[in-house]
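S.K.: 3D, please:
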Amino acid sequence: MKELVIRFTGKTDLAPHYASTEAAGADLKADLEEKLEIKTGERLLVPTGIFMEIPLGFEGQVRPRSGLAWKHGIGLLNSPGTIDSDYRGEIKVILINHGQESYFIKPGERIAQLVICPVFQAKFQQVENLENSHRGAGGFGSTGKH
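M.R.: Below is the predicted model:
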């Protein structure tokens with residue numbers, strides 16, 4: 001697996017951490033003094049206490065944790081969230097409770113995953129016509145169920 005150095009500041013005990021040697025996402029933890037209730041249908045902006053320098057040509061993608069989603073209905077409102085390479089503010093996570101009851105986020109709890117991905121900036125070129133394709137302008141559901 002390729003390795004990329006990401007410089008960060010913040011609390012050492014809240015540092016992003018890969019739970020296994022082949023994990024794609026590093027866990028992000030809640031920087032809280034006390035537990036925080038997220039009620040059904042509510043969204044909260046949860047701080048992580050982490051600030052990063054993501055290298056040019058890369059982005060950070062903030063994604064939900066499958067265990068929180070499956071067991072409690074906790075997801076991310078903008079998923080994946082993008083952290084641009086020129087952003088230097090605190091990483092915060094927009095959680096939403098799609099579950100049937102309130103959930104309490106504990107200090108230091110793993111609330112999201114961070115995946116570092118390469119990015120390209122496209123050069124957009126306006127043309128008179130686009131090349132035809134098999135799908136054409138078919139939209140949502142146009143390719144069938146199989």
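
S.K.: quick one: the helices in the chain, in order.
M.R.: 66-72 (DSSP state H).

S.K.: give the residue spans of it that score low on pLDDT.
M.R.: Residues of the chain that meet the criterion pLDDT under 70 lie in 1, 142, 145-146.

S.K.: which residue lies farthest from the center of it?
M.R.: residue 128 (36.8 Å; C-alpha atoms, centre = their mean).

S.K.: residue boundaries of the strands in this structure?
M.R.: Secondary structure of the chain by DSSP state E: the strands cover 7-10, 17-18, 26-29, 36-38, 43-53, 58-63, 74-76, 81-83, 90-97, 103-105, 110-118.

S.K.: just the C-alpha atoms of the fifth one, please, in CSV.
M.R.: This points to strand 43-53. Coordinates of the C-alpha atoms in strand 43-53 are reproduced here as CSV (Å, rounded to 0.1, in the frame of the first residue of the first chain):
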residue,chain,number,x,y,z
ARG,A,43,-27.9,17.3,12.5
LEU,A,44,-24.9,18.4,14.4
LEU,A,45,-21.5,19.9,13.5
VAL,A,46,-19.0,17.8,15.6
PRO,A,47,-15.4,19.1,16.0
THR,A,48,-12.5,16.7,15.7
GLY,A,49,-9.8,18.9,17.2
ILE,A,50,-7.6,18.1,14.1
PHE,A,51,-6.1,20.6,11.5
MET,A,52,-4.4,19.2,8.4
GLU,A,53,-2.1,20.1,5.5
